[in-house]
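In: I'd like to go over a predicted model; first the sequence, then the structure.
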Amino acid sequence: MARYTGPTSKIARKFGDPIFGADRAFEKKNYPPGQHGQMKKRRKKSEYGVQLLEKQKAKYTYGLLERQFSNTFKKAVRRKGITGEILLQLLEARLDNVVFRLGIAPTRRAARQLVGHRHITVNDKVVNIPSYSLKPGDIIGVREKSKSLEVVVDSLAARSTSYNWLEWDQDMMKGKFMNYPERESIPENIKEQLIVELYSK
């Protein structure tokens, strides 16, 4: 399956959750898409259906394809600790996600594009791989040539949320990935245990 580039509101409505951020269209039509979306009686989902929906929700939220997501899950299984929590930590440690969390880009899609177009550095070296996995202590910055980019300037001006596992220096336009976040610090509304149950079948 190719990466989804269609309307984000439609996907958010499918999951009943504004997974791509504030969305007027979602608020206006807070019911599933399609001609039967407003029907009050909807068929009850099976246990497998609920688990699959949760996995798809996580994939769309972080912008991963099936193989990428599956590989990330396998990596989480190999680590010590709670698999579901480690899975979310690995997703949060992706470079495109951290660029978004730091406020350098307004969305994860925009963050992926900034990384791909070589506007972002890690430890002062240009990295153009959105899935690059950051380690605690890594410094994420905006390339000198790219600091005046309209999308970066506007996004940082609107920056309002900070996270306790990230540090941001506005003057240097650099951030630090301090550590993997605890589950309660990750704001995404994902039931990771359902994903673990799905893959363990």
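Out: Good, I have the coordinates. These numbers come from a predicted model, not from an experiment.

In: helix or strand: which one has G84?
Out: helix 83-92 (DSSP states H and E).

In: and that helix, how far from the chain's centre?
Out: 11 Å (Cα atoms, centre = their mean, to the nearest Å).

In: hmm, who's touching that helix?
Out: 58, 62, 64, 72-73, 75-77, 79, 97-98, 101, 133, 165, 180-181, 183, 186, 188, 190, 192-193, 195-196 (Cβ atoms under 8 Å, 6 or more residues apart in numbering). (Glycine included, C-beta is placed from N, CA and C.)

In: can you find the helix or strand in this structure with the smallest mean pLDDT?
Out: helix 24-28 (a mean of 54; mean pLDDT, DSSP states H and E).

In: chain center to the next helix or strand after it: distance?
Out: Note on helix 24-28: by DSSP H and E, the next helix or strand toward the C-terminus is helix 47-62. Centroid displacement of helix 47-62 relative to its chain, using Cα atoms, centre = their mean, is 14 Å.

In: what packs against helix 47-62?
Out: helix 8-15, helix 66-78, helix 192-199 (3 or more Cβ pairs under 8 Å, 6 or more residues apart in numbering; DSSP states H and E).

In: grab the nearest non-local neighbour of the residue nearest the centre of the chain.
Out: Most central in the chain under Cα atoms, centre = their mean is Y62, positioned 3.0 Å from the mean C-alpha point. Spatial nearest neighbour of Y62, chain neighbours left out: L91 (4.8 Å); criterion: Cβ to Cβ, 6 or more residues apart in numbering.

In: mind checking how far the one you found is from S146?
Out: Look at L91 and S146: by Cβ to Cβ, to the nearest Å, they are 25 Å apart.

In: H117 now?
Out: 9 Å.

In: just the buried members of the contacts of helix 83-92?
Out: 58, 62, 64, 72-73, 76, 97-98, 101, 165, 180-181, 186, 190, 192, 195-196 (16 or more other Cβ atoms under 10 Å).

In: what's the burial count for the nearest residue to L95 once chain neighbours are set aside?
Out: Among residues not flanking L95 along the chain, Y132 sits closest, at 4.1 Å (Cβ to Cβ, 6+ apart). By other Cβ atoms under 10 Å, 17 other residues sit near Y132.

In: residues touching Y132, list them.
Out: When contacts are taken as Cβ under 8 Å, 6+ apart, Y132 is in contact with R94, L95, V115, V122.

In: now do F177
Out: A93, V98, L134, K135, P136, G137, D138, I139, I140, W165, L166.

In: where does the fourth one sit: helix, strand or coil?
Out: In other words, K135. Taken by DSSP: H, G, I helix; E, B strand; the rest coil, the conformation at K135 corresponds to coil.
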